[in-house]
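Undergrad: Below are the sequence and a predicted model for it; my questions follow.
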Amino acid sequence: MVDDQWASGTIHVTPHVDISFPEMVHDIAKVLQEQGFTTVIYPPSKESDIPRLAATKGKVYLETPAGITRDSKTNQVEVQLKGGFPNSVQMDLASAFSSNPKRYTCDKVNREESIRAKSDEEFMKHCNAHIHELDSKILESVQENNSGLSPEQYAVKRLKDDWQKNLEMGTAGDKMPYVPDQFTGTSKEGARLERFLHQEVETMKRFGLLKENVHTGKLSVGKPIEQVANR
């Protein structure tokens with residue numbers, strides 16, 4: 001029985017025919033659709049001069065990077081699918097691409113770190129279980145942030161830094177507010193947490209925990225940080 005461990009990482013798809021990168025992206029989207037994925041192909045933009053692919057299936061999320069990617073050893077153009085996935089998905093994709101081995105192969109996978117894939121409902125439940133820690137981190141971020149980031153962005157950065165420090169000490173786990181999920185390593189990393197924290201910022205402004213300068217929009221702490229738990 002296969003250990004269906006989830007991890008963030010990269011699935012490499014290598015072509016064996018002379019084919020343009022946009023055509024490769026469309027081919028791979030078709031294979032993913034046949035495997036039950038919902039796919040979106042984003043046209044070239046100012047952020048990326050090539051089409052980008054995003055694919056979801058349940059809790060699995062995969063996307064292609066903004067630039068053309070190449071094999072690190074052969075320098076051959078390939079499509080990289082980055083995101084969070086279990087062992088079973090990478091095996092299913094390898095099997096799907098092997099049905100036409102003359103066109104593509106998908107036999108290289110880099111698994112970077114274990115993750116806890118969470119649905120939106122599970123993610124909200126996790127955040128609500130850590131609401132006071134998250135509120136405290138927002139207030140700390142408002143007090144010390146001089147980076148130009150929004151309080152929410154800075155708080156996400158601080159929470160991820162806390163996770164990394166605890167990981168190095170061997171104490172990181174689901175009991176921490178920040179937990180790597182299926183979006184780790186992608187353009188959507190931290191986006192759900194940032195949206196949740198933004199809602200908290202608005203709530204904290206209503207409760208007087210944060211004050212907003214009407215002229216500059218800059219936030220400051222309105223009540224002592226210890227009062228967060230008594231909200």
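TA: Nice, I can see it. Because the structure is a prediction, the values reported are computed rather than measured.
Undergrad: Can you mark which positions in the helix of greatest length in the chain are buried?
TA: When every helix of the chain is counted residue by residue (DSSP state H), the longest turns out to be helix 151-169. Buried residues in helix 151-169, counted by 16 or more other Cβ atoms under 10 Å: Pro151, Glu152, Gln153, Tyr154, Ala155, Val156, Lys157, Arg158, Leu159, Lys160, Asp162, Trp163. Any C-beta I mention is one placed from the backbone N, CA and C, and that applies to glycine too.
Undergrad: Any idea which helix or strand in the protein has the lowest mean pLDDT?
TA: Least confident helix or strand, the chain: strand 69-70 with a mean of 84, by mean pLDDT, DSSP states H and E.
Undergrad: Neighbouring strands - and their directions - for that strand?
TA: Using DSSP bridges, strand 69-70 pairs in its sheet with strand 77-86 (antiparallel).
Undergrad: in this protein, which ranges drop under the pLDDT threshold?
TA: 1-3, 223-231 (pLDDT under 70).
Undergrad: picking that back up, elements contacting the longest helix of the chain?
TA: Helices and strands touching helix 151-169, by 3 or more Cβ pairs under 8 Å, 6 or more residues apart in numbering; DSSP states H and E, are helix 131-144, helix 191-206.
Undergrad: The longest one: which residues count as buried?
TA: Residues of helix 191-206 classed as buried by neighbour count (16+ other Cβ under 10 Å): Arg192, Leu193, Phe196, Leu197, His198, Glu200, Val201, Met204.
Undergrad: Compute the distance between Phe165 and Arg192, please.
TA: Not Phe; residue 165 is Lys. Look at Lys165 and Arg192: by Cβ to Cβ, to the nearest Å, they are 22 Å apart.
Undergrad: right, I mislabeled it, should have said Arg52
TA: The value you get for Arg52 to Arg192, if Cβ to Cβ is used, is 20 Å.
Undergrad: again, but for Tyr154
TA: Applying Cβ to Cβ to Tyr154 and Arg192 gives a distance of 17 Å.
Undergrad: Equivalent analysis for Gly222, please.
TA: 26 Å.
Undergrad: and what of Leu159?
TA: Taken as Cβ to Cβ, the span from Leu159 to Arg192 is 12 Å.
Undergrad: before we move on, what about Ala155?
TA: 13 Å.
Undergrad: Likewise for Val221?
TA: Counting by Cβ to Cβ, the gap from Val221 to Arg192 is 25 Å.
Undergrad: ok, now Ser150?
TA: Taking Cβ to Cβ, one finds Ser150 at 15 Å from Arg192.
Undergrad: Likewise for Leu219?
TA: 21 Å.
Undergrad: again with Ile28
TA: Distance from Ile28 to Arg192, by Cβ to Cβ: 25 Å.
Undergrad: Check Asn87 too.
TA: From Asn87 to Arg192 the distance is 24 Å (Cβ to Cβ).
Undergrad: What segments of the chain are strands?
TA: 6-15, 38-42, 52-57, 60-63, 69-70, 77-86, 104-114, 210-212, 219-221 (DSSP state E).
Undergrad: which residues does the residue lying closest to His130 once chain neighbours are set aside contact?
TA: In this structure, His130 finds its nearest non-sequential neighbour in Pro177, 4.1 Å apart by Cβ to Cβ, 6 or more residues apart in numbering. By Cβ atoms under 8 Å, 6 or more residues apart in numbering, Pro177 lies in contact with Cys127, His130, Glu133, Leu134, Lys137, Leu159, Asp162.
Undergrad: Now tabulate those residues in a markdown table and tack on distance to Ile115.
TA: Formatted as a markdown table, the contacts of Pro177 follow (distance: Cβ to Cβ, whole Å):
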| residue | distance to Ile115 |
| --- | --- |
| Cys127 | 16 |
| His130 | 17 |
| Glu133 | 20 |
| Leu134 | 20 |
| Lys137 | 21 |
| Leu159 | 15 |
| Asp162 | 17 |
